[in-house]
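A.B. asks: A predicted structure for the sequence below; I have some questions about it.
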Amino acid sequence: MDKALLIQLLGSAVAVSLLVAIAAWARIPRPTPPLDARSARALLAEEFPDDPVDTLWIAADGAGLIARSGERALVAWRKGDGYVARDLAWSAALAAKTHNGFVVVKTADGAPRLALKDGVWPPPQLVSPNFVSGEAAA
């Protein structure tokens with residue numbers, strides 16, 4: 001093996017090792033800060049620009065939210081180093097089940113578990129006088 005071939009082989013090995021290291025580093029999730037009222041509204045404005053937010057509930061750990069926009073529920077939850085946002089019927093959000101201090105909201109492609117602040121679902125601020133568990137009050 002001559003000297004030029006050895007240098008080319010070592011250079012290729014170093015380049016491949018560098019590319020593998022960059023790819024491994026790029027997959028490390030960045031810490032996502034918990035949601036507060038301002039960041040939650042900014043997230044909803046970005047994901048649902050045409051939907052005004054009537055009421056907003058943020059999970060106890062700041063890892064998710066449920067907002068009401070008319071007769072729709074806007075749901076967002078932390079997934080990896082970002083947030084996933086989906087919408088569903090408001091009655092479906094109110095009918096969500098609780099389990100071990102979490103509310104489990106069933107969406108078309110997942111069921112996020114959002115931490116309850118006081119163990120009550122739905123919270124009083126989300127229920128208007130006209131709605132009780134997603135159905136019109138008599």
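C.D. replies: Okay, I see it. This structure is a prediction, so every number in the text was calculated from the model and none was measured. Numbers count the residues shown, from 1 in each chain.
A.B. asks: mind listing what's buried along stretch 110-120?
C.D. replies: Using 16 or more other C-beta atoms under 10 Å as the test for burial, stretch 110-120 gives 112-114, 116. Every C-beta, even on glycine, is put in place using the N, C-alpha and C of the backbone.
A.B. asks: just put those in a markdown table and tack on distance to Pro123, secondary structure and pLDDT.
C.D. replies: Output for the buried residues of stretch 110-120, formatted as a markdown table (distance: C-beta to C-beta, whole Å; DSSP: H, G, I helix; E, B strand; the rest coil; pLDDT from 0 to 100):
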| residue | distance to Pro123 | secondary structure | pLDDT |
| --- | --- | --- | --- |
| Pro112 | 16 | coil | 84 |
| Arg113 | 16 | strand | 85 |
| Leu114 | 11 | strand | 87 |
| Leu116 | 8 | coil | 85 |
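A.B. asks: next, give phi and psi for the residue nearest to Ala115 when sequence neighbours are not counted.
C.D. replies: Once its chain neighbours are removed from consideration, Ala115 has its nearest residue in Ala60; the separation is 4.1 Å (C-beta to C-beta, 6 or more residues apart in numbering). Geometry field for Ala60 lists phi and psi as phi -60, psi -40, criterion degrees, to the nearest 10.
A.B. asks: can you give me the buried ones in stretch 19-39?
C.D. replies: Leu35.
A.B. asks: give me the mean pLDDT for that stretch.
C.D. replies: Along stretch 19-39, the predicted confidence averages to a pLDDT of 84.
A.B. asks: do stretch 72-86 as well
C.D. replies: If you average the pLDDT over stretch 72-86, you get 89.
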